[in-house]
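A.B. asks: have a look at this fold, sequence not included:
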């Protein structure tokens, strides 16, 4: 909806700008010449020439000069667009309203993300009971130029310790900072060189995270291809963190992630070599030195654990089900041959979630979301009533009336197939 609003606004302003008499003078853009430095690679007996390999060295003086020259041309053009300020002012006006995320409870506090209107980043607030809200984390203060962002925030089981990750300058490489929730003071040394990772707490003692070995040369361009899952125990040095998965060539994958079931009984590990298809493993944390058991040991499907109840796992998968389905299996024997359909595949693509002791399945049917609620026995509780196409059109009318100051009774042209 926000994209629609933005596109309509931009289109309208550009039309108005075309009517302006004092429009920007048309001139040719003189782009700086990019030097060619051929590098020849042989792929399967075919020579491939790469003329611009030198630009991959993002720290070189040559690359820095090239970027500066390109930016000079770009911003010279942008600064001469006559309706640029009008467009910026109108969008700022439309977006300048308070935005609040869904609240969540951790320990004694209720937390929520809030933006007062035009802040660069959302601020994390909290409340205890009926007390006044207070700022817990404000990413806008992490750096003077506001280029350091909050990229993840998780809490220990008791809610007394928090670990959050930050990104500096938009980098994929993160740092993880551990703080005491009550005092908001840092508890230990910051974890560094973390990449493509969540933070999954195991009780109150520590958490799992993922990263690559620090590459030689630039972190922004050097090769990283062996992702590893680590366990960090609070109060210990990062150099002593245990590698849980990814240490050997047999476990070498480009992406590895770990998470725990809500009862902290099972560690679930997903490993993949691309953005589609994953292996899935499980480890019983109630048994000392228990082995990793494969649930799916190939890349033929996208499969993940959505929930668990005792030793029963609930999996969402597209294995032999392109539109996805939910299956159950016992954690002791989780291979696919033992799966049982829980919510079977339908003619529509499934998006599944769980919460509050229920499963929720969402399907897109004739351009409208259809949401069904199930219990843990697979019984359908109800279909959740949502606005139909008519309701969506009413919302669009309201938005257009705000943008263009039209009466809400103005008819919309609607294409009906």
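C.D. replies: Done, it's in. This one's a predicted model, so the numbers in the text were calculated from it and none came from an experiment.
A.B. asks: the helices in the chain, which residues?
C.D. replies: For the chain, the helices defined by DSSP state H occupy 2-18, 61-79, 84-95, 389-404.
A.B. asks: ok, of these, where does mean pLDDT dip lowest?
C.D. replies: Of all the helices of the chain, the segment with the smallest mean pLDDT is helix 2-18, scoring a mean of 52.
A.B. asks: quick check: buried residues in stretch 300-319?
C.D. replies: Taking 16 or more other Cβ atoms under 10 Å as the basis for neighbour counts, the residues of stretch 300-319 that come out buried are 301-305, 307-308, 313-319. In short, each C-beta sits where N, CA and C put it, glycine included.
A.B. asks: hang on, I meant stretch 119-133
C.D. replies: 121-127.
A.B. asks: end-to-end on it?
C.D. replies: Between the start and the finish of stretch 119-133 there is a gap of 18 Å, counting by Cα to Cα, to the nearest Å.
A.B. asks: cool, stretch 235-251 as well?
C.D. replies: From the first residue to the last, stretch 235-251 extends over 28 Å; the measure is Cα to Cα.
A.B. asks: and that stretch, which residues are buried?
C.D. replies: Judged by neighbour count (16+ other Cβ under 10 Å), stretch 235-251 contains these buried residues: 238, 241, 244-246, 251.
A.B. asks: which pair of those residues spans the longest distance?
C.D. replies: 238 and 251 (20.5 Å; Cβ to Cβ).
A.B. asks: confidence score at the residue nearest the centre of the chain?
C.D. replies: Closest residue to the average C-alpha location of the chain: residue 151 at 8.7 Å, with Cα atoms, centre = their mean. Residue 151 is assigned a pLDDT of 95 by the prediction.
A.B. asks: any idea how far it is from residue 188?
C.D. replies: Between residue 151 and residue 188 the computed distance is 19 Å (Cβ to Cβ, to the nearest Å).
A.B. asks: now swap in residue 110 and tell me
C.D. replies: With distances defined as Cβ to Cβ, the gap from residue 110 to residue 188 amounts to 26 Å.
A.B. asks: quick one: the strands in the stretch 51-200 of the chain?
C.D. replies: Counting by DSSP state E, counting those that start in this stretch, residue ranges of the strands within the stretch 51-200 of the chain are 99-100, 104-106, 109-115, 123-127, 134-137, 148-155, 161-168, 173-180, 191-195, 200-202.
A.B. asks: which of the residues in the third one are buried?
C.D. replies: Same thing as strand 109-115. Neighbour-count burial for strand 109-115, with 16+ other Cβ under 10 Å as criterion, is recorded at 109, 111-113, 115.
A.B. asks: got the contact list for the residue nearest to the centre of the chain?
C.D. replies: 165-167, 174 (Cβ atoms under 8 Å, 6 or more residues apart in numbering).
A.B. asks: change it to 6 Å
C.D. replies: 165, 167, 174 (Cβ atoms under 6 Å, 6 or more residues apart in numbering).
A.B. asks: domain boundaries for the chain, per the record?
C.D. replies: Annotated domains of the chain cover 38-80, 96-305, 387-417 [automatic domain parsing].
A.B. asks: most tightly surrounded among those domains?
C.D. replies: domain 96-305 (a mean of 16; mean count of other Cβ atoms under 10 Å).
A.B. asks: give me the distance between that one and the centre of its chain.
C.D. replies: Distance of domain 96-305 from its chain centroid, counting by Cα atoms, centre = their mean, to the nearest Å, is 12 Å.
A.B. asks: got it, and stretch 296-307?
C.D. replies: Stretch 296-307 sits 19 Å away from the centroid of its parent chain (Cα atoms, centre = their mean).
A.B. asks: distance of residue 235 relative to residue 187?
C.D. replies: Note on residue 235: its distance to residue 187, by Cβ to Cβ, is 8 Å.
A.B. asks: need phi/psi at residue 301.
C.D. replies: Residue 301 adopts backbone torsions of phi -150, psi 170, taken as degrees, to the nearest 10.
A.B. asks: contacts only, for the spatially closest residue to residue 158 that is not a sequence neighbour.
C.D. replies: What sits nearest to residue 158 in space, not counting adjacent residues and going by Cβ to Cβ, 6 or more residues apart in numbering, is residue 204, at 5.3 Å. With Cβ under 6 Å, 6+ apart as the criterion, the residues that contact residue 204 are 156-158.
A.B. asks: fine by me, thanks again.
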